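Asker: Sequence first, predicted model second:
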Amino acid sequence: MAMTRIDEEQLLRRITTDPAIFGGKPIIRGRRLAVEHVLAMLALGDTPETILQGYPWLEMDDIRACLVYARRLVGRERVEPLTVESSSEGTP
């Protein structure tokens, strides 16, 4: 099922920042759990169910919000090819 822009916006409201928590990094609903940490757990193979067990206050939509947040950041990235010019100086 495709997520609409409105659904994404609702999910992203769960991602907040607080300069007093983790230096203003994105966190989940004002709690001391960084989006970065949830993404790391998923990347290391933890299932959403395992993460939810470890954080009883966490909801599946919080995990979905982290994924939407990450997708939006990556979606804005642009990789520019690096061109290296070779110099003929010093070559026989």
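Answerer: That came through, no problem. Numbers count the residues shown, from 1 in each chain.

Asker: got the buried residues for the lowest-mean-pLDDT helix or strand in the chain?
Answerer: Lowest by mean pLDDT, DSSP states H and E among the helices and strands of the chain is helix 5-12, with a mean of 89. By neighbour count on 16 or more other Cβ atoms under 10 Å, the buried set for helix 5-12 is L11. Where you see a C-beta, it was placed from the backbone N, CA and C, and this is true even at glycine.

Asker: Pull the residues that contact it.
Answerer: D61, R64, A65, V68, Y69, R72 (Cβ atoms under 8 Å, 6 or more residues apart in numbering).

Asker: Next, count neighbours for I63.
Answerer: 24 (other Cβ atoms under 10 Å).

Asker: what does V79 give?
Answerer: Residues contacting V79 under the criterion other Cβ under 10 Å number 5.

Asker: What's the first helix or strand after the least confident helix or strand of the chain?
Answerer: strand 15-16 (DSSP states H and E).

Asker: Just give me how far the next helix or strand after that next one sits from the chain centre.
Answerer: Downstream of strand 15-16, the next assigned helix or strand under DSSP H and E is strand 27-28. Here strand 27-28 is found 11 Å from its chain centre; the criterion is Cα atoms, centre = their mean, to the nearest Å.

Asker: related to what we said a few turns ago, out of the contacts of helix 5-12, which end up buried?
Answerer: R64, A65, V68, Y69.

Asker: which helices and strands sit right next to the host helix or strand of the second one?
Answerer: Same thing as A65. Remark: A65 resides in helix 60-76, with elements defined by DSSP H and E. For helix 60-76, the helices and strands in contact under the criterion 3 or more Cβ pairs under 8 Å, 6 or more residues apart in numbering; DSSP states H and E are helix 5-12, strand 15-16, strand 27-28, helix 35-43, helix 48-54.

Asker: of the ones you listed, which approaches L82 most closely?
Answerer: Comparison of these against L82 by Cβ to Cβ identifies helix 35-43 as nearest, at 26.0 Å.

Asker: The closest one: which residues count as buried?
Answerer: V35, H37, V38, M41, L42.

Asker: Thanks a lot, catch you later.
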